[in-house]
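Participant: Below are the sequence and a predicted model; questions follow.
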Amino acid sequence: MRPNGILLHVLGLWVLSGLDASGKYLALLGVPVLLVAWVRYAVHTALSSAILLPRRGLGLLRTRSLRGQLLRGVLMIGSTLLFFSVLKRVPLAEATAMNFMAPIFLLALAPWLLHEPHRLHRWLGVALGFAGMLLVVRPGAGLDTVGVLLGVATALTFAAFQIATRRLAGDDPLTTNYYGGLVGTVALTPLLPWVWELPALTAGQWVLLLSTGVTGAIGHGLQSAAYARTPATLLAPYSYLQILSAVGLGWAVFGQLPDATTALGIACICGAGIGVTLVERQFNRRLKQPMRAAPVPPAAAHSPRPAPAPPSANCHGPRSR
């Protein structure tokens, strides 16, 4: 089932790149970013309710930490609004690359936030990823300064969102996904009177606006299915294939392609993430081998289960948008 999980993971990310491209296109048309985000969450919630509630009932809302779900939902809203604001100012490929700094920030903060040990390969990955980001946002790259600052804020918010997601690992992924859309819809609805200023949209543009919720629901659904079939550590390196869809859509829809130096910076960011992921996988595999070889004492067979290990900073969770 692993190949199926990898395929679902990559397809989900590419669908979410379609969501990003739609959000950028609508923002450039003059549709308020907050309104785009509200439609994305409202349609997602409506679809999820129509499909899941008849099957799961109110059990879909059962969670081990309501506070954790609400916090994750708020961070998800913040990440969405920030990223759509970045897309309005920065090309799609560069914006996606900056968002990939979130795992790098998470690696840097893991010893303090997740109480994980300092490891040399992680710091090397952080250094390489940061160097790549400097290449992407260098002076002369032609990127909007406010867009770059918003991109850094997006990556930091997304890193916090990933931590919040890890701490809800005990909940059903469908429950967590549903709460994300529900919190976004409820929180943004009271703000609509202040942002309800729509340009004259064609029928096709209205369809595109409504499609943001569909692509969001499908993308996150594919991601949930992928993580249910395949370990996150195996999926993590394939997350960076999203840059291919971002570059392709950026060229096809907006006529934007990164130059050679920017492409090198993107490669550094992706290489840092992939490299650290592969080293972590080998490291964890070596740690598990002695445990498998050691015999289990009879008394231990009936002992209580140990508490789950703290979430690893290296695992990539569902996308926030």
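Facilitator: Here it is on my side, so go on.

Participant: residues near the residue lying closest to residue 61 once chain neighbours are set aside, how many?
Facilitator: In this structure, residue 61 finds its nearest non-sequential neighbour in residue 175, 6.9 Å apart by C-beta to C-beta, 6 or more residues apart in numbering. Every C-beta, even on glycine, is put in place using the N, C-alpha and C of the backbone. Here the number of neighbours of residue 175 (other C-beta atoms under 10 Å) works out to 19.

Participant: and if you look at residue 24?
Facilitator: Neighbour tally, residue 24, other C-beta under 10 Å: 26.

Participant: Just the element for it, please.
Facilitator: Per DSSP states H and E: residue 24 is located in helix 2-29.

Participant: ok, residue 178 touching residue 51?
Facilitator: No: here residue 178 does not reach residue 51: they are 10.1 Å apart, not a contact under C-beta atoms under 8 Å.

Participant: Which one of those two is surrounded by more residues?
Facilitator: It is residue 178, of residue 178 and residue 51, that has more neighbours when counted by other C-beta under 10 Å, with 23 against 13.

Participant: contacting residues for the more buried one?
Facilitator: When contacts are counted by C-beta atoms under 8 Å, 6 or more residues apart in numbering, residue 178 is found next to 45, 48-49, 52, 60-61.

Participant: Which positions in the helix or strand hosting it come out as buried?
Facilitator: Using DSSP H and E, residue 178 sits in helix 173-188. With burial defined by 16 or more other C-beta atoms under 10 Å, the residues of helix 173-188 counted as buried are 173-185, 187-188.

Participant: try stretch 269-285
Facilitator: For stretch 269-285, a neighbour-count test (16+ other C-beta under 10 Å) marks 269-270, 272-277, 279-281 as buried.

Participant: Between these, which sits nearest residue 200?
Facilitator: Among the buried residues of stretch 269-285, residue 269 lies closest to residue 200 (C-beta to C-beta), at 39.0 Å.

Participant: Confirm for me that the closest one is in contact with residue 101.
Facilitator: Yes: here residue 269 reaches residue 101: they are 6.6 Å apart, a contact under C-beta under 8 Å.

Participant: residues shared between the contacts of those two?
Facilitator: The contact sets of residue 269 and residue 101 overlap at 129, 133 (C-beta under 8 Å, 6+ apart).

Participant: thinking again about what came up before, out of the buried residues of stretch 269-285, which sit inside strands?
Facilitator: Among the buried residues of stretch 269-285, DSSP state E puts none in strands.

Participant: Quick one, which of the contacts of residue 178 are buried?
Facilitator: Buried among those (16+ other C-beta under 10 Å): 45, 48, 52, 60.

Participant: May I have the residues that are in contact with the last one?
Facilitator: By C-beta under 8 Å, 6+ apart, the contact set of residue 60 is 52-53, 172, 174-175, 178.

Participant: mind running it again at 10 Å?
Facilitator: By C-beta atoms under 10 Å, 6 or more residues apart in numbering, the contact set of residue 60 is 48-49, 52-53, 172, 174-175, 177-179, 182.

Participant: now do the third one
Facilitator: With contacts defined as C-beta under 10 Å, 6+ apart, residue 52 is in contact with 59-60, 174-175, 177-178.

Participant: can you check the second one too?
Facilitator: Residues in contact with residue 48 (C-beta under 10 Å, 6+ apart) are 60, 174, 177-182, 213, 216-217, 220-221.

Participant: Then residue 261?
Facilitator: By C-beta under 10 Å, 6+ apart, the residues touching residue 261 are 135-136, 138, 140-141.

Participant: For these, which two are the farthest from each other?
Facilitator: Every pair of those checked by C-beta to C-beta; the farthest is 136 and 140, at 11.8 Å.
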